[in-house]
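> starting from these lines, generate the structure:
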Amino acid sequence: MIGAFPKGPAVSNHAHALPARRIARASSRRLRWGSWLLAVACLAIAVPAWASEGGVDGSKLSALWVVPFAGILLSIAIAPVVASEFWMLHFGKVTIFWTLAFLVPFAILYGVGIATREVAHTLLLEYVPFMVLLLALFTVSGGIHVRGNLHGSPALNTGLLALGTALASFMGTTGAAMLLIRPLLRANDQRKHRAHVVVFFIFLVANMGGALTPLGDPPLFLGFLKGVHFFWTTHAMLAPMLLSSVILLVLFYGVDSYLARRPDDRLPAAADPTPDSPVTIEGKINFLFLALILASVLASGMWKPGITFEVLGQTVELQNVARDVALLVIAWASWQFTPRAVRAAHHYEWGPIIEVGKLFAGIFLTIIPAIAILRAGSDGALASLVALVTGADGEPRNAMYFVLSGALSSFLDNAPTYLVFFNLAGGDATTLMTTHATTLMAISAGAVFMGANTYIGNAPNFMVKAIAESRGVTMPSFFAYFGWAMLVLGPIYVLLIFVFFR
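From the prediction side, this is the model:
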């Protein structure tokens, strides 16, 4: 919700609701056991038969196997909104509950060997690379701090939104959002009308800007892990991303110019809480580390030495191991070479990435039966979903892929949502990049763009909202924000369907 921050309302989004010390105590005292319990459960299943062969026949799985996956996603989407304190204290236990609700009966009914194979495959080939990239981006982007203040004119505000939109695909939506939201708020803190600035910031920087590379948003990196070429994403998503972003930037400039001309918009100069001052960037070395992250991910997609290793019965390719090791080294170097004062000024803390790691362990494991059922197509328990996105001639209905992947991504987590529709479309990256390229583009656009529809649609959304409110900005309520999104973004989605996904 860093991304690359994983999409979905990561618990850190609500950290402002509880005192920091109380959160820390809760994490260490009540939640740490959950991580160990989940690890022990996975190992208990996996130890007896690392190299078991065979897999799950999705056509024989009941739709009830999807309940744990749906349960954990709904818990992530709803609990932080309706019971934020409970969620902060007990999200680890909730994650463990849903994970074991899948793992235990699955191992009993289908055998330890098959359970082992599925768990090992998911953890080694999907979850670990996913979390390593998020950790690297989170650590590096958290080491960059913009100090100073500029004057928040419509031109400057539009320029900052455009800059953040461009940066998001290379440092992740969360990284770009956390880098620029405070400077943007400082630049406009002498204005009365500021909520629209934050709302458009969420639309552009926290969501649509991450559409061009696998570094930008977690679902696109999952596609990369499944075989989608790094630059296929850039080529395919450039046109819809540019069209949407340009429309939003032009619209924002018009709205901001109108509000800035209102006589009641400006506070007296003497009342400006942060007068204009020279802008400096601290932690510049992290731009080098961002470039190294990009190079590492690119290299893993282009370098194919043909060397593999067997780990827990799974075939792991050398280039992927090298990439993950390189990303860990980069994260370590960023931590070592960035002054602690810079991270303190940026309000950096480890809690969010730890919490995301726990949540996504549960998500990646409980999605196993859902993926198997989708692979069964019309023979599986989710045949009705297959029918929605498939025409009478058997060809994919791209507009439905865009709408459904986006609708679910608006309220659930876009990374697993992307995986669901990726597999619903066949799951073969080569075919999806060629014969069905429009389908893959529709899935990617829906998962990335429509995260902007709600505060819980993408992790940076709620984080940006919380920071803005802490600076005195009166933000729209949950449903008022959804209304803003439908009013502004709804026509853009319709335009995208007619231009790209018919």
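
> for the stretch 101-250 of the chain, what spans make up the helices?
Taking DSSP state H, counting those that start in this stretch to define them, one finds helices in the stretch 101-250 of the chain at 112-122, 128-141, 154-171, 173-187, 195-204, 218-225, 230-260.

> JSON lines for the ones you listed, including distance to Ala407, mean pLDDT and mean neighbour count?
No exception for glycine: its C-beta is placed from N, CA and C like everyone else's. Listed next are the helices of the stretch 101-250 of the chain as JSON lines, based on distance: least, C-beta to C-beta, whole Å; pLDDT from 0 to 100; neighbours: other C-beta atoms under 10 Å:
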{"stretch": "helix 112-122", "distance to Ala407": "25", "mean pLDDT": "86", "mean neighbour count": "21"}
{"stretch": "helix 128-141", "distance to Ala407": "23", "mean pLDDT": "88", "mean neighbour count": "24"}
{"stretch": "helix 154-171", "distance to Ala407": "22", "mean pLDDT": "93", "mean neighbour count": "22"}
{"stretch": "helix 173-187", "distance to Ala407": "19", "mean pLDDT": "88", "mean neighbour count": "26"}
{"stretch": "helix 195-204", "distance to Ala407": "17", "mean pLDDT": "95", "mean neighbour count": "24"}
{"stretch": "helix 218-225", "distance to Ala407": "15", "mean pLDDT": "89", "mean neighbour count": "26"}
{"stretch": "helix 230-260", "distance to Ala407": "17", "mean pLDDT": "95", "mean neighbour count": "18"}
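
> export the ones you listed to JSON lines and tack on distance to Asp379?
JSON lines is the format used below for the helices of the stretch 101-250 of the chain (distance: least, C-beta to C-beta, whole Å):
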{"stretch": "helix 112-122", "distance to Asp379": "19"}
{"stretch": "helix 128-141", "distance to Asp379": "29"}
{"stretch": "helix 154-171", "distance to Asp379": "38"}
{"stretch": "helix 173-187", "distance to Asp379": "37"}
{"stretch": "helix 195-204", "distance to Asp379": "40"}
{"stretch": "helix 218-225", "distance to Asp379": "25"}
{"stretch": "helix 230-260", "distance to Asp379": "30"}
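
> closest one to Met441 among these?
Of all these, helix 230-260 sits nearest to Met441, with 4.7 Å by C-beta to C-beta.

> between that closest one and helix 195-204, how big is the angle?
Using axes from the mean of the first three to the mean of the last three C-alpha atoms, to 10 degrees, the direction of helix 230-260 lies 170 degrees away from that of helix 195-204.

> skip ahead from helix 230-260 and say which helix or strand is next.
Next helix or strand after helix 230-260 toward the C-terminus (DSSP states H and E): strand 277-282.

> got the contact list for that following strand?
With contact meaning C-beta atoms under 8 Å, 6 or more residues apart in numbering, strand 277-282 is reached by Ile144, His145, Val146, Arg147, Gly148, Asn149, Leu150, Pro183, Pro339, Val342, Ala345.

> among those residues, which lie within strands?
The strands, defined by DSSP state E, take in His145, Val146, Arg147, Gly148, Asn149 from the contacts of strand 277-282.

> not including adjacent chain positions, what is the nearest residue to the third one?
Nearest in space to Arg147, with sequence neighbours left out and distances taken as C-beta to C-beta, 6 or more residues apart in numbering, is Thr280 at 5.1 Å.

> burial measure for the one you found, as a count.
Neighbour count for Thr280, taken as other C-beta atoms under 10 Å: 10.

> now it: how far from Gly391?
56 Å (C-beta to C-beta, to the nearest Å).

> one step back: out of the helices of the stretch 101-250 of the chain, which is closest to Ile367?
Among these, helix 112-122 sits nearest to Ile367 (C-beta to C-beta), with 8.0 Å.

> angle of the closest one against helix 128-141?
Using the same axes, to 10 degrees: helix 112-122 against helix 128-141 is 30 degrees.

> what is helix 112-122 packed up against?
Contacts defined by 3 or more C-beta pairs under 8 Å, 6 or more residues apart in numbering; DSSP states H and E place helix 112-122 against helix 32-46, helix 84-110, helix 351-375.

> distance between the last one and the chain's centre?
In this case it means helix 351-375. What separates the centre of helix 351-375 from the centre of its chain is 13 Å, taken as C-alpha atoms, centre = their mean, to the nearest Å.

> just checking, next helix/strand downstream of that helix?
That would be, after helix 351-375 and using DSSP H and E, helix 383-388.

> check contacts around Gly446.
Tyr401, Phe402, Val403, Leu404, Ser405, Gly406, Ala407, Ser409, Phe421.

> and if we set it to 7 Å?
Tyr401, Phe402, Val403, Ser405, Gly406, Ser409 (C-beta atoms under 7 Å, 6 or more residues apart in numbering).

> before we move on, what about Ala326?
Ser296.

> that'll do, ta.
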